[in-house]
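J.: Fold the following for me, if possible:
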Amino acid sequence: MSFFLHLEDWRGWHPKETVAICDPSHRISAQPGKNLPAMLRRRLDDAGRATCEILSALAPEAGLPLIHASRHGDTTHTLGMLEALESGEPISPTRFSMSVHNAVLGVHSISCAHHRPLQALGACGDEFDAVLLEAQGYLLEGHRAVVAVFSEGSLPSAYQGHTEHPGTACAVGMRLTLDRGRRLMASDPIRSARPTPIEVMAWLSGNTPFLAGRQRWQMEAG
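T.: Numbers count the residues shown, from 1 in each chain. Here you go, the predicted structure:
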């Protein structure tokens with residue numbers, strides 16, 4: 001299936017604000033989530049709060065389909081529940097509800113009264129290519145734009161060394177269309193790779209000429 005998407009706008013988040021994002025107009029705060037109601041903000045980790053802030057920045061009228069991809073999700077809270085079970089302690093229903101992969105989109109939809117399609121993805125490292133493919137599907141159905149966010153939360157020490165991870169929490173979001181913005185072009189990769197949100201931010205910032213995923217991604221000159 002050929003790709004023909006355009007990038008209309010994007011935002012990125014890294015705990016060290018200036019890392020990977022040269023243009024401040026594309027950064028969100030290093031302490032995200034200040035616009036979320038307190039009762040919702042405390043349910044999310046920093047990556048979840050950053051995802052909600054990116055979604056609000058790129059879809060302020062809450063009228064677009066939203067896609068959120070994360071390879072690992074909120075592993076800190078999931079590991080906490082597993083340790084509680086091992087100790088014979090009860091599991092918090094609220095904590096369990098926030099451990100599912102679509103929890104961040106659920107919190108965002110409540111806070112913004114968003115009633116358009118929502119989709120959560122995990123793709124074993126192929127999240128970037130997966131969100132673009134899903135976004136193209138929504139656009140071909142007639143939606144004028146789609147916002148897709150790719151994030152990773154912090155990885156607990158118990159998991160470190162056992163899986164690929166960018167080394168810190170991070171998030172990047174794109175508003176995609178079929179005909180507005182800079183064209184994204186795909187070609188066969190020299191070798192396939194599993195880009196992280198940090199690598200996507202570096203590419204969108206122009207720090208790297210292409211992004212290797214399942215396909216080799218390039219962006220037309222601005």
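J.: Could you pull up phi and psi at residue 40?
T.: Per-residue torsions, residue 40: phi -90, psi -40 (degrees, to the nearest 10).
J.: was I right about it contacting residue 109?
T.: No: taking contacts as Cβ atoms under 8 Å, residue 40 lies outside contact range of residue 109: 10.6 Å. Quick note: C-beta positions are derived from backbone N, CA and C, even for glycine.
J.: Output the lowest mean pLDDT helix or strand found in this protein.
T.: Lowest on mean pLDDT, DSSP states H and E among the helices and strands of the chain sits helix 93-97, with a mean of 86.
J.: Give me the residue at the spatial middle of the chain.
T.: Taking Cα atoms, centre = their mean as the criterion, residue 150 is the residue nearest the geometric centre of the chain, at 1.9 Å.
J.: What helix or strand is that one located in?
T.: strand 146-152 (DSSP states H and E).
J.: Now do that strand: which elements does it pack against?
T.: When contacts are defined as 3 or more Cβ pairs under 8 Å, 6 or more residues apart in numbering; DSSP states H and E, strand 146-152 packs onto helix 46-58, strand 66-69, helix 127-140, strand 170-177, helix 197-204.
J.: List the contacts of it.
T.: With contacts defined as Cβ atoms under 8 Å, 6 or more residues apart in numbering, strand 146-152 is touched by 47-48, 50-51, 54-55, 58-59, 64-72, 104, 127-128, 131-132, 134-135, 138-139, 165-166, 169-177, 196-197, 200.
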